[in-house]
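Q: Need coordinates for the following:
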Amino acid sequence: MADLTVSDVRWQGLSGRMYASRGAGKARAEGEAAPAFVLVHGIGVSHRYLFRLHQLLAETTDTYSIDLPGFGGTPKPGRRLSVGDYADFILAALDQAGVTSCVLVGHSMGTQFAVEAAIRQPDRITELVLMGPVVDPRRRSVTRQALDLTTDCAFFESASSNLIVLTDYLRCGPRWYLTELPVMMAYPLEERIGDVGVPVLVLRGAKDPVASRDWCQVLAARAAAGDFREVPGRGHVVQHTGTTAVARAILDFAGRPGRTLEATA
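A: Below is the predicted model of the structure:
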């Protein structure tokens, strides 16, 4: 894959980080002007559980992963951030990197940020990928979310994915996690997705207890141009445990099928 470069992102007093793989992908080598891939993590975690997917997508075109303010060891903001704040930060990071066209890929709470960014700048976001989206209205309680996540970690994740998530939670810390948790719980993804004008892929691991099949199918149906796919045998952190299948689904959805990828999971 292309060399990974790291840069700080600062916007309106908020600080984050961007990880970029530029210029060595097959699409660039073949002279194609393919939109970049931009990966966005969920609550409490960082780019690290997206890294396997980043590696594979970077074989095809420029690929970026973002550590949002307060996560991944970045400075904690002095106030609670809204989903819109995170979306604006993502768009500012893309401005800083000179990304004018991209496929935006969000996981878990990152799907909320991705939807808001796509609503704000549909001309920049060519397609939207929502992996393990939250929060299902039928599970809109902290207790239910905690139970589903515990079930997922205990039965459907690998030791490496659990280690990454746990250590990132520790880096995030309980104060910031609990500050942002109500924001995640309150966001009406099932309503906001109807305002997205670009094609949307809703993707889940078939054993994911957090993002159920019914919920994901509802989201795909409410999108103006929605598609739904599953990765068999995988849980919530499907991009880490089923990386090759996820990358192939994203490439197919983005109109880049047939590329040879080195299998990682």
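Q: Lowest mean pLDDT among the helices and strands of the protein, which one is it?
A: Ranking every helix and strand in the chain by mean pLDDT, DSSP states H and E puts helix 26-29 at the bottom, with a mean of 52.
Q: Surely residue 146 is in a helix?
A: Yes: assigned with DSSP: H, G, I helix; E, B strand; the rest coil, residue 146 falls within a helix.
Q: Contacts only, for it.
A: By Cβ atoms under 8 Å, 6 or more residues apart in numbering, residue 146 lies in contact with nothing. C-beta: built from backbone N, CA, C; applies to glycine.
Q: I'd like the distance between it and residue 154.
A: 12 Å (Cβ to Cβ, to the nearest Å).
Q: Equivalent analysis for residue 204, please.
A: 18 Å.
Q: Next: residue 7.
A: In terms of Cβ to Cβ, residue 7 sits 37 Å off from residue 154.
Q: If you count surrounding residues, which of the two has more?
A: Per other Cβ atoms under 10 Å, whichever of residue 7 and residue 154 has more neighbours is residue 7, with 13 against 10.
Q: Not counting its own residues, what contacts the host helix or strand of the more buried one?
A: For residue 7, the host element (DSSP states H and E) is strand 4-11. Outside strand 4-11, the residues within contact range by Cβ under 8 Å, 6+ apart are 15-22, 66, 88-89, 92-93, 96-97.
Q: Which of the residues you listed has the largest number of neighbours?
A: That'd be residue 66 among the contacts of strand 4-11, by other Cβ under 10 Å, with 28 neighbours.
Q: and it, that's in a helix?
A: No: counting by three-state DSSP, residue 66 falls outside a helix, being strand.
Q: Show me what whichever helix or strand comes after the least confident helix or strand of the chain packs onto, helices and strands only.
A: For helix 26-29, the succeeding helix or strand toward the C-terminus, using DSSP H and E, is strand 36-40. Contacts defined by 3 or more Cβ pairs under 8 Å, 6 or more residues apart in numbering; DSSP states H and E place strand 36-40 against helix 51-57, strand 63-67, helix 83-97, strand 102-107, helix 109-120.
Q: so which of these gets nearest residue 140?
A: Of all the helices and strands packed on strand 36-40, it is helix 109-120 that lies closest to residue 140, at 13.1 Å by Cβ to Cβ.
Q: and the angle for that closest one with strand 63-67?
A: If you take axes from the mean of the first three to the mean of the last three Cα atoms, to 10 degrees, helix 109-120 sits at 110 degrees to strand 63-67.
Q: Can you pull out the residues in contact with helix 109-120?
A: Residues contacting helix 109-120 (Cβ under 8 Å, 6+ apart): 40-43, 68, 83-84, 86-88, 90-91, 104-106, 125, 128-134, 180, 184, 187, 189, 192-193, 195-198.
Q: Would you mark the buried spots in it?
A: 109, 110, 111, 112, 113, 114, 115, 116, 117, 118, 119 (16 or more other Cβ atoms under 10 Å).
Q: tell me the pLDDT at the fifth one?
A: In other words, residue 113. Per-residue pLDDT puts residue 113 at 98.
Q: got it, and the second one?
A: With respect to pLDDT, residue 110 scores 98.
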